[in-house]
Every structure is written in structure tokens, then in C-alpha cells.
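In: Give me coordinates for this.
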Amino acid sequence: MSKLLSVEHLTMQFGGLKAVNDVSFTASASAITAIIGPNGAGKTTVFNCLTGFYHPTHGRIILQREAGGTVELQHLRKHQVAARAKVARTFQNIRLFAGMTVLENLIVAQHNRLQRASLFSIAGLFGLPAYKNAEKDAVERARFWLDRVGLTASADVPAGSLPYGQQRKLEIVRALCTEPVLLCLDEPAAGLNGSETAELARFLRELRDEHGLAILLIEHDMGMVMGISDHIVVLDYGRKIADAAPAVIKEDPAVIRAYLGEPEAA
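Out: Prediction:
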């Protein structure tokens, strides 16, 4: 598998606290990479650095472009990471537009593409063919993903009225409508029951296997992580303590100590 993302000596400091301390890892194209660790390990801080919400204190985050060359994400703001680098993200707390319909949420996700096609409103106002075609493509893309996750029948209902598990699905396919090269998922199984988690795991494997999508996820459900990940990075107190395949990670003494704690001395 070819390398898509390289994180080099990433450090994020808040005053005297180093939330992430000299962390390096890679993520491959067409692979699922998980970042795990106890609460407070620095996982979400890494995501915030990758997606432009934070500018790291030190380090580089290098993404391979589809057309060749690289882009360094640490220099970009969050809207530039999505638009220029094609890195999409979901959040631990769902951030849908609750009052908009399910379909409208997916159309809004394609705003940048539609804005360019509208020539920044001129083509849209006059109904020029280029904008009409872009609008049609946006609706077709949205309906494709709704069909993939079984939400087509709910296309015209308010997103906020969906059950929690379906809102999780909608947030993921909204990110997919941006056609990312890297999809970053922050605890996508949080709040899901067992059957919903299994369904999500199947869907993520399909995205990797059928669409060749690279996925980077933070997750606490270890059964899901071990079942779908190609590669796992483990953090503890802001430092990387392990970086390997799932079979190696689950036997690593440092990982076991981080999750279970050191045994008390006799």
C-alpha cells in the first residue's frame, strides 16, 4: 500500500501542557488506520491538527496529492484542508444542520463545487447550463450515498428528526459527498448499539475495499477497531507508545499497561 499521509514529530503545546508530544506515524492509501488510547491521550488533538482546527507547535503533516506532489496540512486553515487537500472529517458530537432536510445536508456539503460552477452566483442567477449540470450532479451524488446507507426514504425529512444511529450515518455520507482522499472519523461508533456498530464496520470496510478510500479513525470500541483496521497507532499521555498491525497491538505490553494500568506491587 502506498503512503498517503505522513505525520512527522507532531507536537501541540497549550501553555505548559504538551497535549501531543513528538508523535510520528504514517497512513496508507486504501487502508483503515486507527488512533487509539485512553481518555486524554491526545487523539482528538492530533485530529484537530490534521484538519486545521489547531496549528501545531512543531512538526509536519504531509499529504500526497492525487495528481502528484504534496501539501503540508499544518500550514492550512480548516476550510482549506477540506477544499484544497480533500480531507473530510466527522466529529464525536454530531454536527448536522438539524432543521435542514437529509438531502439538503448533503447538498450543502458540496457548496464549494456548486459555488465554482455558479461563477459565484452569476451562473446560478441566470440558470446557465454549467450550474444546472453541477446542481444535478450534486443531487445524484447525494442520492447515491443515501441509497448506500438506506436513507433514501428519509431524504425530505429534517435531519434532526432522524434516530441517533441514522444521524451518525448521515454525518459520514455528508463528509463523503465532498469526495475526500482521506476521511477522518472521530469516534463514529459512539452511542451506537451492537448491531449499528457492526453495520458501520461493514460500511467502512466497503469504503476501503470498493472505493479505495483511506480512513483515519479515533475509536474506543476495541472490537470494531481490531476487526476493521489495517494499522493502529496507540497514544498515551500525548506520546506514541505503539504503532503496528492489530495482531501485534493487542499483545503489546505497553498498550496493555496503558489500558489496564500497572499492577500494584506486592
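In: Sketch out the strands for the stretch 51-200 of the chain, chain order is fine.
Out: 58-64, 70-72, 87-89, 182-186 (DSSP state E, counting those that start in this stretch).
In: I'd like the ones you listed laid out as JSON lines, including distance to residue 14, mean neighbour count and mean pLDDT.
Out: Heads up, the C-betas are built off the backbone N, CA and C, glycines and all. Below are the strands of the stretch 51-200 of the chain laid out as JSON lines (distance: least, Cβ to Cβ, whole Å; neighbours: other Cβ atoms under 10 Å; pLDDT from 0 to 100):
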{"stretch": "strand 58-64", "distance to residue 14": "13", "mean neighbour count": "19", "mean pLDDT": "97"}
{"stretch": "strand 70-72", "distance to residue 14": "22", "mean neighbour count": "14", "mean pLDDT": "95"}
{"stretch": "strand 87-89", "distance to residue 14": "21", "mean neighbour count": "25", "mean pLDDT": "95"}
{"stretch": "strand 182-186", "distance to residue 14": "19", "mean neighbour count": "24", "mean pLDDT": "97"}
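In: so which of those gets nearest residue 166?
Out: Of all these, it is strand 182-186 that lies closest to residue 166, at 16.2 Å by Cβ to Cβ.
In: Outline the domain layout of the protein.
Out: Split into domains by automatic domain parsing, the chain comes to 1-86+180-266, 94-179.
In: TSV for the strands of the stretch 51-200 of the chain, including distance to residue 34?
Out: Formatted as TSV, the strands of the stretch 51-200 of the chain follow (distance: least, Cβ to Cβ, whole Å):
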stretch	distance to residue 34
strand 58-64	18
strand 70-72	23
strand 87-89	15
strand 182-186	10
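In: ranking the domains of the chain by mean pLDDT, which is last?
Out: With a mean of 85, domain 94-179 has the lowest mean pLDDT of these.
In: From one end of that domain to the other, what's the distance?
Out: Domain 94-179 has an end-to-end distance of 20 Å (Cα to Cα, to the nearest Å).
In: gap between that domain and the chain center?
Out: Distance of domain 94-179 from the chain centroid (Cα atoms, centre = their mean, to the nearest Å) equals 18 Å.
In: cool, stretch 48-67 as well?
Out: That offset, for stretch 48-67, works out to 13 Å (Cα atoms, centre = their mean).
In: Identify the residues contacting it?
Out: Applying Cβ atoms under 8 Å, 6 or more residues apart in numbering, the contact partners of stretch 48-67 are 2-13, 20, 22-23, 29, 45, 47, 70-74, 76-82, 85-87, 89, 181-182, 184, 216.
In: So which of those residues sit within helices?
Out: The helices, defined by DSSP state H, take in 45, 47, 78-82 from the contacts of stretch 48-67.
In: got the contact list for the residue nearest to residue 141 when sequence neighbours are not counted?
Out: Setting aside the residues directly before and after it, residue 141 is nearest to residue 177 in space (Cβ to Cβ, 6 or more residues apart in numbering), at 5.7 Å. For residue 177, the contact set (Cβ under 8 Å, 6+ apart) comprises 106, 109-110, 138, 141-142, 145.
In: Nearest residue to the middle of this structure?
Out: By Cα atoms, centre = their mean, the chain has its centre lying nearest to residue 184, at 1.3 Å.
In: Now do the residue nearest to that one when sequence neighbours are not counted against residue 225, distance only.
Out: Leaving aside its sequence neighbours, residue 184 sits nearest to residue 89 (Cβ to Cβ, 6+ apart; 4.3 Å). Residue 89 is 18 Å from residue 225, where distance means Cβ to Cβ, to the nearest Å.
In: Residue 234 should be in a strand, yeah?
Out: Yes: counting by DSSP: H, G, I helix; E, B strand; the rest coil, residue 234 falls inside a strand.
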